[in-house]
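>>> What would the 3D arrangement of this be:
(4 chains)
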2 protein chains.
Amino acid sequence: MHGKLQRKTGHLLNAEPLADFKVGVDNVIFSVDTDQNRLLVLLVMRHDAPYCGCWSLPGTLVRQGESLEDAAYRVLSEKIRVNNLYLEQLYTFGGPDRDPREEEDSYGVRYLSVSHFALVRFAEAELIADGVSGIAWYPLAQVPTLAFDHAEVLAYGYQRLKNKLEYSPIAFDVLPDIFTLGDLYQLYVTVLGEGFSDYSNFRARLLKLGFLEDTGNKTSRGAGRPASLYRFDADAFELLKDKPMVFI
Amino acid sequence: MHGKLQRKTGHLLNAEPLADFKVGVDNVIFSVDTDQNRLLVLLVMRHDAPYCGCWSLPGTLVRQGESLEDAAYRVLSEKIRVNNLYLEQLYTFGGPDRDPREEEDSYGVRYLSVSHFALVRFAEAELIADGVSGIAWYPLAQVPTLAFDHAEVLAYGYQRLKNKLEYSPIAFDVLPDIFTLGDLYQLYVTVLGEGFSDYSNFRARLLKLGFLEDTGNKTSRGAGRPASLYRFDADAFELLKDKPMVFI
DNA sequence: CCAAAAGTGTTTACAGTACACCCATGT
DNA sequence: ACATGGGTGTACTGTAAACACTTTTGG
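Got it, this is the predicted structure:
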C-alpha cells in the first residue's frame, strides 16, 4: 500500500505507473428449490456492451462512499427481495484483460471484481423484473455460457458452498425458522448430491451436536408419519462454535 | 460489473457516482524459525505519510498491466530473497475510510487492499535491507501496533495459516527437500501450539497417508537416536488430493 | 551408564457406515 | 391394508488419544 511513496525514495524511479481501477462486485447467489430438488443460481441478462445479450452473474460497480459488502447487498436487493440470506466475500479477480472495456476506454482503466457468495431462501425470494432486463434462476447443470470470467467465479462459488455446508451452519440461514430434519436433509442432498450420508446417520449426528431444539410440534405433509419440528438454537451453537464440527 | 450501463437504462439516473480506486496488495508473510521455535511475521517500517514511522505489512500498489498475484510476488521479492514459498490470496479489504489518503487527496480516490498470505522457508530467506527502510521478522506475540487495518489483516492471515496446516500440505513448501519427522512435527507445534497432537500419533497418521518417502538415509543431530530422512512425494500426493485428508 | 531423541506398539473410547426394523399417518 | 415417510437401534469398522515401551545415539 505504499508503492507511490517508495518511488520517492529513489530505487524505483523507473517503475511502471500505477493502474487506476473501477471495482466491481459480482455475486454468486444460490438457492435451493426443495420442491423440485434443484440447486439454483441467479443469472441476469446483459443488455449493454460488452457481452450484450449474454447471461452473467448479477453485479455492479462500487460507488463513492460504498463498502464492498454494501455494494454486494445492493446488487442483491436490486434483483431479489429476500429476508433471510447468508453472504460472504468469495475471491477477488483482478488480472489485466479480464474485461474488454479495459481496451476500449484506452484510459488504462482496469476492472477488478470482488466476487461474493450468497445463499438465499428460495421460497421467499421474489425476483425483481424491471421490464427490461432478464433475470432467472438456473439449475446449476443448465447454466449457459457466461460473460467475462463468470464461469470461473461460479465454479469457485459452488466449491465454497459445498465446503461451507460441511462445517458451518449456513443451512439454517436459509431454512424456515421451524423445519423438519427431513427438510434439512433434503437441502444437503440437493447441494451435495445423493449418497453424501445416510439419512439416519445424518439425523443422529446433527441431533447429537445439541443445537437443534425440538419445538414439540409436529407437521404432517401427505402420507407418512408426522415429523417433529425443530428450531436452530443460535445460543447453544455459539457455545460450541470454537470446537471443530462436522455436519457432513 | 455493469452499474455504469444500468444507469443508462433509466431507473438509476440519480445514483451516486462510481468510486475510483487505487488497488494495493498487502502480504502477510509467515516463516517458522525452527531453531528458536518461533512463528514469525515480516514487517516493514513506513517512512512516509500516512502512518510514518509505523510498522506495517509489506505492500505495494498495483501497476498498469500487473496482475494481483504478480504484485504480491513483486512485494515479496523486493523484501526478501527466497526460493521456496507458498502464496495465496487472503481477503480484500475495501471499506471507505480505511486509508487516510482518501481524505487528503480529495479526488475521492479510494484505496483498496487485496491481502495475500505467504509462508516462506526461514533458513534461506534473506531480508533485503535497502539502507533506508527497516524490515524485520517479528514473533507473532510481539507484533507492535500496525498501520492501517493491518492488525485485522494479520489476524485473518494467522487463522488461514492454522487452517491450511490442518488440511493441506503447505508445510512441505517450506521444509527442506529432505527432512525428519521431528522437523515436520516441530513446525506444526510452533504454529499450532503444544498439545495439538501427540508426536507418535502425528507420526503414525502422516506415514499412513503414504506420500512421505523414506530416503533410507539418517541424520544425527547431537544426542539421541538418528532420525530417518523423508522426502515429500508430490506425485503420490496428487493421487490422494481429492480425498479429504487431515494432518491435524 | 545415563540422558536424549527416534521409533513402535497397545489399550480405550468414541465416531462413521450400513443396515434392519419399528412407528404413525393418508388413502 | 399398505404405502410412505419419520424415527430408533445395533453391529462392524476405523481412527483419535493417551501412554508405555524399545532402540540408538552422544557424553
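
>>> Quick check: closest non-adjacent residue to A:Tyr199.
A:Tyr185 (5.5 Å; Cβ to Cβ, 6 or more residues apart in numbering or on different chains). (Glycine included, C-beta is placed from N, CA and C.)

>>> could you dump whichever strand or helix holds the one you found to PDB, C-alpha only?
Take DSSP states H and E as the rule and A:Tyr185 turns out to sit in helix A:181-192. C-alpha atoms of helix A:181-192 as PDB (Å, rounded to 0.1, in the frame of the first residue of the first chain):
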ATOM      1  CA  LEU A 181     -34.900 -32.900   9.900                       C
ATOM      2  CA  GLY A 182     -36.200 -34.200   6.500                       C
ATOM      3  CA  ASP A 183     -36.200 -30.600   5.200                       C
ATOM      4  CA  LEU A 184     -32.600 -30.200   6.400                       C
ATOM      5  CA  TYR A 185     -31.500 -33.500   4.900                       C
ATOM      6  CA  GLN A 186     -33.100 -32.700   1.600                       C
ATOM      7  CA  LEU A 187     -31.200 -29.400   1.400                       C
ATOM      8  CA  TYR A 188     -27.900 -31.200   2.000                       C
ATOM      9  CA  VAL A 189     -28.800 -33.900  -0.600                       C
ATOM     10  CA  THR A 190     -29.700 -31.300  -3.200                       C
ATOM     11  CA  VAL A 191     -26.400 -29.500  -2.800                       C
ATOM     12  CA  LEU A 192     -24.000 -32.300  -2.100                       C
END
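
>>> Based on its surroundings, how many neighbours for A:Tyr51?
Applying other Cβ atoms under 10 Å in any protein chain shown, we find 18 residues neighbouring A:Tyr51.

>>> elements contacting the lengthiest strand in chain A?
Ranked by residue count, the top strand of chain A under DSSP state E comes out as strand A:20-33. Helices and strands touching strand A:20-33, by 3 or more Cβ pairs under 8 Å, 6 or more residues apart in numbering or on different chains; DSSP states H and E, are strand A:38-45, strand A:59-61, helix A:68-79, strand A:109-120, helix A:150-167, helix A:181-192, strand B:20-33, strand B:109-120.

>>> and the fourth one, which residues are buried?
Buried residues in strand A:109-120, counted by 16 or more other Cβ atoms under 10 Å in any protein chain shown: A:109-120.

>>> List just the nearest of those residues to DNA strand C.
Taking Cβ to the nearest atom of the strand as the measure, A:Leu119 is the one of the buried residues of strand A:109-120 closest to DNA strand C, at 23.2 Å.

>>> Tell me how chain A divides into domains.
A:18-165, A:170-238 (automatic domain parsing).

>>> Please produce JSON lines containing these, extended by mean pLDDT and distance to B:Phe30.
Below are these laid out as JSON lines (pLDDT from 0 to 100; distance: least, Cβ to Cβ, whole Å):
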{"stretch": "domain A:18-165", "mean pLDDT": "92", "distance to B:Phe30": "21"}
{"stretch": "domain A:170-238", "mean pLDDT": "94", "distance to B:Phe30": "29"}
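
>>> could you dump those domains to TSV with distance to B:Phe21?
Formatted as TSV, those follow (distance: least, Cβ to Cβ, whole Å):
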stretch	distance to B:Phe21
domain A:18-165	4
domain A:170-238	30
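
>>> Tell me which of those is the most buried.
Mean neighbour count (mean count of other Cβ atoms under 10 Å in any protein chain shown) peaks for domain A:18-165 among these, with a mean of 18.

>>> quick one: is the helix holding A:Tyr185 near DNA strand D?
Yes. With Cβ under 7 Å from any atom of the strand as the measure, helix A:181-192 is seen reaching DNA strand D through A:181-182.

>>> hmm, who's touching that helix?
Identification of contacts with helix A:181-192 by Cβ atoms under 8 Å, 6 or more residues apart in numbering or on different chains yields A:32-34, A:37-39, A:161-162, A:165, A:171, A:174-176, A:196-197, A:199, A:202-203, A:206-207, A:212, A:227-228, A:230, A:247.

>>> and DNA strand D, which of these contact it?
Answer for the contacts of helix A:181-192 near DNA strand D (Cβ under 7 Å from any atom of the strand): A:199, A:203, A:227-228.

>>> Leaving out the residues flanking it, which one is nearest to A:Lys218?
A:Pro226 (4.1 Å).

>>> quick one: contacts for that neighbour?
For A:Pro226, the contacting residues are A:218-220, by Cβ under 8 Å, 6+ apart.

>>> likewise A:Gly157?
Counting by Cβ under 8 Å, 6+ apart, A:Gly157 has contacts A:28, A:30, A:90, A:115, A:117.

>>> ok, and the closest non-adjacent residue to it?
Nearest to A:Gly157 is A:Val28, by Cβ to Cβ, 6+ apart, at 3.2 Å.

>>> Hmm, that neighbour is touching A:Val120, no?
No. Using Cβ atoms under 8 Å, A:Val28 makes no contact with A:Val120, being 11.3 Å away.

>>> Return the residues of chain A in contact with DNA strand D.
Going by Cβ under 7 Å from any atom of the strand, the residues of chain A near DNA strand D are A:180-182, A:199-201, A:203-204, A:218, A:222-228.

>>> ok now do A:Tyr91, which residues does it touch?
A:115, A:153, A:156, B:89.

>>> now the third one: how far from A:Lys79?
I take that to be A:Tyr156. Counting by Cβ to Cβ, to the nearest Å, the gap between A:Tyr156 and A:Lys79 amounts to 20 Å.

>>> swap in the second one?
A:Val153 is 16 Å from A:Lys79, where distance means Cβ to Cβ.

>>> Same question for the first one.
When distances are taken as Cβ to Cβ, A:Ser115 and A:Lys79 turn out to be 15 Å apart.

>>> go on, the last one?
Taking Cβ to Cβ as the measure, B:Gln89 and A:Lys79 are separated by 27 Å.

>>> between the domains of chain A, which gets nearest to B:Leu43?
Closest to B:Leu43 of the domains of chain A is domain A:18-165 (Cβ to Cβ; 23.4 Å).

>>> what residues are up against the residue nearest to A:Val143 when sequence neighbours are not counted?
Excluding the flanking residues, the one nearest A:Val143 by Cβ to Cβ, 6+ apart is A:Val41, at 6.3 Å. A:Val41 sits next to A:28-30, A:57, A:137-138, A:140, A:143, A:154 when contact means Cβ under 8 Å, 6+ apart.

>>> Columns distance to DNA strand C on top of the contacts of A:Tyr91, output as CSV?
Formatted as CSV, these follow (distance: Cβ to the nearest atom of the strand, whole Å):
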residue, distance to DNA strand C
A:Ser115, 31
A:Val153, 31
A:Tyr156, 26
B:Gln89, 30
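
>>> quick check, nearest of these to B:Ala125?
Of these, the one sitting nearest to B:Ala125 (Cβ to Cβ) turns out to be B:Gln89, at 21.1 Å.

>>> ok now do A:Leu240, which residues does it touch?
Contacts of A:Leu240 by Cβ under 8 Å, 6+ apart are A:209-211.

>>> Kindly reformat those residues as CSV containing distance to chain B and secondary structure.
Output for the contacts of A:Leu240, formatted as CSV (distance: Cβ to the nearest Cβ, whole Å; DSSP: H, G, I helix; E, B strand; the rest coil):
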residue, distance to chain B, secondary structure
A:Leu209, 19, helix
A:Gly210, 23, coil
A:Phe211, 22, coil
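
>>> what about the closest residue to A:Tyr73 other than its chain neighbours, which SS state?
Spatially, and ignoring its direct neighbours in sequence, A:Tyr73 is nearest to A:Leu87 (6.9 Å; Cβ to Cβ, 6+ apart). Per DSSP: H, G, I helix; E, B strand; the rest coil, the local secondary structure of A:Leu87 is strand.

>>> surely A:Leu87 meets A:His116?
Yes. Using Cβ under 8 Å, A:Leu87 is in contact with A:His116, at 6.0 Å.
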